[in-house]
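# what's the 3D shape of this:
(chains A and B)
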Amino acid sequence: MERLLAVIHTFSRIALVFGLAMLLPIGVSWWIGDGAHGAFDEAFLGTLVGGGIVLRATQRFRRELRANDGVLLVVMCWLLLPAIAAVPLMLGIPGLHVADAYFEAVSGLTATGATALSGLDSLPPSINLWRTELHSIGGLGIIVLAVAILPLLGVGGRQLMKAEVPGPVKETGITPRVAETAKGFWVIYLVLIALCTLAYGLFGMSWLDALTHAFSTVALGGFSSHDASLGFFNSPALEAITIAFALISGMSYVTHFAAISGRSLRPYWRDGEVSFYLGVLGASVLLIAAYLWHQNFYTEFATALRHAAFNTVSVATTLGYSSTDYSRWPFFAPLWMLFLCSFVTCSGSTGGGIKMMRAIVLYKQVFREITHAMHPNATTYVKLGGTIVSNKIILAVLGFGFLYMVCTIGFTLVLAASGLDIVTSFSAAVACFNNTGPGLGLVGPDSNYGVFNDFQMWVCSFAMLLGRLEIFTLLVVLTPAFWRK
Amino acid sequence: MSNPLAVLRVFALVLLVFSLTMLPPALVAYLEQDSAAGAFQIGSAATFFTAVMLLLFTRRHTDELRVRDGFLLVSLVWVLVPVFAAIPFMVFFPAMSFTDAYFEAVSGLTTTGSTVIEGLDVLPYSVNLWRAELVFLGGMGLIVLAVAILPLLGVGGRQLFSAESPGPIKETRLTPRMAQTAKGLWLVYLALAIACTLGYFWAGMSWGDAFIHMFTTLGLGGFSSHDASYAYFNSPRIEAVAIVFMTLAGMNFATHFMALRRRSLSFYWLDPEIRWYVGVMYASVLGIAAYLWLAGTYPDFVTALRFAAFNVVSIATTTGYANTDYAQWPFFAPLWMLFLCSFVTCAGSTGGGIKMMRAIIVFRQVMREIVRTVHPSAVRAVKLSGAPLPNKIIFAVLAFCFAYMVILVSLTLLMVFSGLDVVTGFSAVVASFNNTGPGLGEVGPATTYKSLTDFQTWVCSIAMLLGRLEIFTLLVVFSPTFWRK
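Sure thing, here's the model as predicted:
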């Protein structure tokens, strides 16, 4: 119990800092006078007062967190911060269900980008800004942020980041001084957001739209302030900018960090993932463009290439923008895009899915088994970027890969049992679990998750959280072993 | 690779024996004076002639086969014997393409049970007998394959699963243990065959029908001599007999063998798979019956139970009979049934899929990984029947499951690419790859695979073979390292 209270104490500090994030939409709302600041004011005050009370009440349980407490803290942050984030949405959008508001907030913080709202264009801009600001807060990880700016997590920080940073080989590249690394990541992240805003603004978006979309792009989220998503602007230049920033964001921040601190591009080359990441994406774009052209969906190859490039990169990097309703494409194309989003992004990036690194390990392990079948006593290794991957990590990766597939099947079955058709339930499960956003069928790029009932919304929210925390972190908390002394 | 010609010689011997198996239908056709007599005579003669030619050609290559040759032999037999088995179909149905005839033969020999032939009821008895006999032969070959040969090859950690657990055997001779094991297993198969035939006759089938359906029940094949499958009989008593024997045939034949030899039922209890197999399958029966009843598909629970029991057991054990068009049920039910067929049957049975044994191992491995997240240094073994499993086997099993899922996804994408809708494409691949038979959509229980294009039919044939040979047997033969000196 004391352990729980200590974690709650730390959580309340994080919640207070999180509340400060509402100052941005409040400021914007005052500035442009869109009438939504009342919702944010109330939510802001509520968070401060509530957080303050909990902070004082648990003051005497304050202590350094241990490894297991860290897992608990991570889970608590990801389950409860969306509830706080949902408050301004509920206040600002009358008639919104609790399930929908929580879904929207989870979708924001997990950088998924699946929305329950329609009529985005007529929403107060500050609310749209808040939605994508959630992307930017959650994109790189709430805890990474907390570690970077709060000096309270001490030695446990390393464990905490392990629980939250995606990817199998979490130790690599993270310097012993966790806070330094976390700060480094955040500096890169903020620079990318700034550059992206600038680029969007210079090429035709209003500055507010530019900031809103930059938050969303760099976090690989996918919320937009327009129902038509990037299709609203219909501008090849903006699409090219989005592709560039989505590609950069889908790479590992560890690699970016190494490249910038060493002032050299070699880390990208040495990183075992980047070449596969770019190769698979490039090949898929060409394949889908050729397929669409061949099927006469677009009469010109250039048009096919433009739409294929934008939508494929967008979905595969788990961003989730669309420039056209790609669910009308011949079915193979969107299916392939959903397939890509489940593994393409690099570990340590803001993307979702099982990550390219795990996919490579799994793939190499299968070939290792083929060799084993012929030479039962051969000693073989799986290598990644020149180093041997230990059996322990391979087992963990295989276990993860399997659990991942079971979860996908499980979510699909649950959604199908609740009465949805197969295309909708499968694509919604994949799109939420991989933190991509739009699915197909009822929840395609031209529609939204508002058609789901409350039960289905909760399932999708859970899928997004499970996917963002890479399953184990969330599952561990549910095991009895975790709670034993 | 010792000597491919020596492998070819053994293959010729198998073919020689196979040519004799066309004699029973030929005899039946002769006695009944039906129109198929010529087809079987031609088929038998052509097969016999080819076998003799091959034997003459390879007569000097009598080298002893090595374990590695086993891969080639097994692949040759399963890929080429269907070619000869297809001859009677091609002669009897002049309009049938080779693609369809090969599909039908592969479907029989892999005990899948999907058909491209319509109007089964008006076919000569001998043709239906031949189809069922293929399932029977495939089933018998399979038992040897699954319990005697694959363990020797060490495919997918299979060495574990045989009753006598030979362990990793290096370059030893294939024959002695195989012959010995095979004899015992075929005895079991024969005993079950007699009991099943008597059971069907007692329940009201004609002798002819009882014979054919016994063949396809024990092989977990699913061919019937009626277009309507078991709906033709519309008899709960026949369905009950079928359920009993399907359930028995889905268990490890080595366990049956031990139980029969020692005259003790305790082996069923000691078998680590059977309780899961029976538990999962019958819990699903109850669950689906309740679901159908609540969804209002059937007005009373007893009717729902009858249809749920027969169809769920039939699909889950990868048999593929139907006594109603279950594709019309609310979508969750058939989806769950397809899900079951991918893992429920026991290793060493005639069923398909990844097998319950592997599912148990993978499940326990995942639990181990979860515990490891909490206690990173904990040493815990994955146990099966009380004995800890070596990591090597866990690796093999996990890699198998991963390869299984990758192939499932790839083949589905291929089917969708070729223009099928996703329900048909996915269900056809699942049903073929798991050797189940009927899918959903265009290839549902009330229809056949006839509507597929040639390309799609070949994909299904390959899926059936890959599934039957546990993926790696075929993959190994197609890997370049296999052919290197």
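# residue numbers of the stretch 301-450 of chain B in contact with chain A?
Taking Cβ under 8 Å from any Cβ of the partner chain as the criterion, the neighbours of chain A within the stretch 301-450 of chain B are B:330-332, B:335-336, B:339, B:362, B:365-366, B:368-375, B:391-392, B:394-396, B:398-403, B:405-406, B:409, B:412-413, B:416-417, B:419, B:421-423. (C-beta placed from N, C-alpha, C; glycine too.)
# which of the residues you listed are buried? Put it as a PyMOL command.
Paste this into PyMOL to select the buried members of these, with burial taken from 16 or more other Cβ atoms under 10 Å in any protein chain shown:
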select buried, chain B and resi 330+331+332+335+336+339+362+365+366+368+369+370+371+372+373+374+392+394+395+396+398+399+400+401+402+403+405+406+409+412+413+416+417+422+423
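# I'd assumed residue B:345 was in a strand, is it?
No. Assessed with DSSP: H, G, I helix; E, B strand; the rest coil, residue B:345 is coil; it does not lie in a strand.
# before we move on, back to that, so which of the residues of the stretch 301-450 of chain B next to chain A are in helices?
Among these, the residues falling in helices (DSSP state H) are B:332, B:335-336, B:339, B:362, B:365-366, B:368-374, B:391-392, B:394-396, B:398-403, B:405-406, B:409, B:412-413, B:416-417, B:422-423.
# which stretches of the stretch 51-200 of chain A form strands?
Taking DSSP state E, counting those that start in this stretch, the stretch 51-200 of chain A contains no strands at all.
# mind listing the helices for it?
Remark: helices assigned in the stretch 51-200 of chain A by DSSP state H, counting those that start in this stretch are A:67-92, A:98-109, A:125-139, A:142-149, A:156-164, A:178-202.
# out of the ones you listed, nearest to chain B?
helix A:67-92 (6.4 Å; Cβ to the nearest Cβ).
# is chain B within reach of that closest one?
Yes. Contact of helix A:67-92 with chain B (Cβ under 8 Å from any Cβ) involves A:68, A:71.
# that helix to helix A:125-139, inter-axis angle?
In terms of direction (axes from the mean of the first three to the mean of the last three Cα atoms, to 10 degrees), helix A:67-92 departs from helix A:125-139 by 170 degrees.
# pLDDT on helix A:67-92, on average?
If you average the pLDDT over helix A:67-92, you get 88.
# give me the distance from it to the chain's centre.
15 Å (Cα atoms, centre = their mean, to the nearest Å).
# give me the number of residues near residue B:483?
Residues lying near residue B:483 (other Cβ atoms under 10 Å in any protein chain shown) number 11.
# repeat for residue B:206
Residue B:206 has 11 neighbouring residues, counting by other Cβ under 10 Å.
# any idea how far stretch B:448-467 is from the chain center?
Worked out by Cα atoms, centre = their mean, stretch B:448-467 lies 15 Å from the chain centre.
# tell me how many other residues crowd residue 183.
As the question left the chain open, I've gone with chain A. Residues contacting residue A:183 under the criterion other Cβ under 10 Å number 15.
# let's do chain B instead
Residues contacting residue B:183 under the criterion other Cβ under 10 Å number 10.
# look at it and report its pLDDT.
Reading off the model, residue B:183 has pLDDT 73.
# next one: residue B:432
The model's pLDDT for residue B:432 equals 95.
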